[in-house]
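J.: here is a sequence with its predicted model. Questions after.
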Amino acid sequence: LMNAERSARFVVMVGDLTQRGSDEELERFQREMKSLRLPIFTTLGNHELGTDDGEPYTRLFGRGSDSFVFHGARITQLDSASATLDPKVYDWLDGWLAAGRGGAHVVTMHVPPQDPIGTRAGAFSSNAEANKLLSKLGAAGVTATFYGHIHSYYAYENAGIPAIITGGGGAIPERMDTIGRHFMTVDIDPARRTVASSMVAVDHD
C-alpha cells in the first residue's frame, strides 16, 4: 500500500520492526523492505533491544538517533526504545534543535515521553525526564512529534506541540480498538512551518 502513495518521497519508521530484534529478523526486514520503492529512515523500538548477546540493530544499522534536512524540513529521529534517552543523545539533540529553530522540524521516536491515556506502561520511565525532553522540544518550536509503541492511533498535544501516536504498523492492534493496522501520510510545508497527516488503513473489514 505504501508503494501506491505516488507523492511520497521517503518512509520514516518509529521502531518495533521485528518481534525479538535478532539478526535473522532484522535481515528478513531488510530483504522484505527491498520491495518498497521508497528510501527508509528508521529508529529502533523496544523489540529491537536484542538479548544478552548485544543489540543487533546498532550492529547492522548504526545508531538509532539522527537528524537530516529534506527540502527545508528537518526530521529528527531519537532512540527512546529503553523508555529514556541516552545522555549523549541530549547533546546531539541540543544541536539539532538549534539548527531547526525557526523552520519546520518533525521529531520522531518509539516510546512517547508521556502516555496520552495513562492506563498502560507506554511512556518514559521517568516523568522528570519526560518533562525535560518535552520542555526542550517546546522551547525550540518543534512543529510536530510522531511516536510508536502503543498499538493504536492517538492525535493530541504535548508541550503545545501536535503529537501523533501511530503504533499500528505490523503489531497486533489494541483489543477493543477499531483503529487496526495503518500507516500515516505526512505533508510538511517548510515555508508555512505546517505539518498535516492522515491515516491510511491497512486492515479492512
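T.: Received, thanks. Predicted, not measured: the structure shown is a model, and the values here were computed from it. Numbers count the residues shown, from 1 in each chain.
J.: alpha carbons only for contacts and neighbour counts from here, please
T.: OK.
J.: show me where this structure has its helices.
T.: For the chain, the helices defined by DSSP state H occupy 23-33, 56-61, 87-100, 127-139.
J.: from the middle of its chain, how far away would the first one be?
T.: Between the centre of helix 23-33 and the centre of its chain there are 19 Å (CA atoms, centre = their mean, to the nearest Å).
J.: other SSEs contacting it?
T.: On a contact count with 3 or more CA pairs under 8 Å, 6 or more residues apart in numbering; DSSP states H and E, helix 23-33 meets helix 56-61.
J.: which pLDDT value goes with the closest residue to residue 193 other than its chain neighbours?
T.: The shortest distance from residue 193 to any non-neighbouring residue, by CA to CA, 6 or more residues apart in numbering, is to residue 104 (4.5 Å). For residue 104, the pLDDT comes out at 97.
J.: and residue 104, what does it touch?
T.: With contact taken as CA atoms under 8 Å, 6 or more residues apart in numbering, residue 104 is in contact with 72-74, 142-143, 188-195.
J.: residues in contact with residue 138?
T.: With contact taken as CA under 8 Å, 6+ apart, residue 138 is in contact with 159-161.
J.: quick one: the residues you listed as TSV, columns for pLDDT, neighbour count and distance to residue 127 too.
T.: Below are the contacts of residue 138 laid out as TSV (pLDDT from 0 to 100; neighbours: other CA atoms under 10 Å; distance: CA to CA, whole Å):
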residue	pLDDT	neighbour count	distance to residue 127
159	91	16	14
160	94	16	17
161	96	16	18
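J.: closest one to residue 6 among the helices of the chain?
T.: helix 23-33 (16.9 Å; CA to CA).
J.: can you give me the strands for this protein?
T.: For the chain, applying DSSP state E gives strands covering 11-13, 40-42, 66-70, 73-78, 105-109, 144-147, 153-158, 161-166, 182-189, 194-201.
J.: pipe these into CSV and attach distance to residue 57 per row.
T.: Formatted as CSV, those follow (distance: least, CA to CA, whole Å):
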stretch, distance to residue 57
strand 11-13, 14
strand 40-42, 11
strand 66-70, 14
strand 73-78, 14
strand 105-109, 15
strand 144-147, 19
strand 153-158, 25
strand 161-166, 21
strand 182-189, 22
strand 194-201, 27
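J.: what's the closest of these to residue 92?
T.: strand 66-70 (8.4 Å).
J.: list the buried residues in the closest one.
T.: For strand 66-70, burial by neighbour count (16 or more other CA atoms under 10 Å) applies to 66-67.
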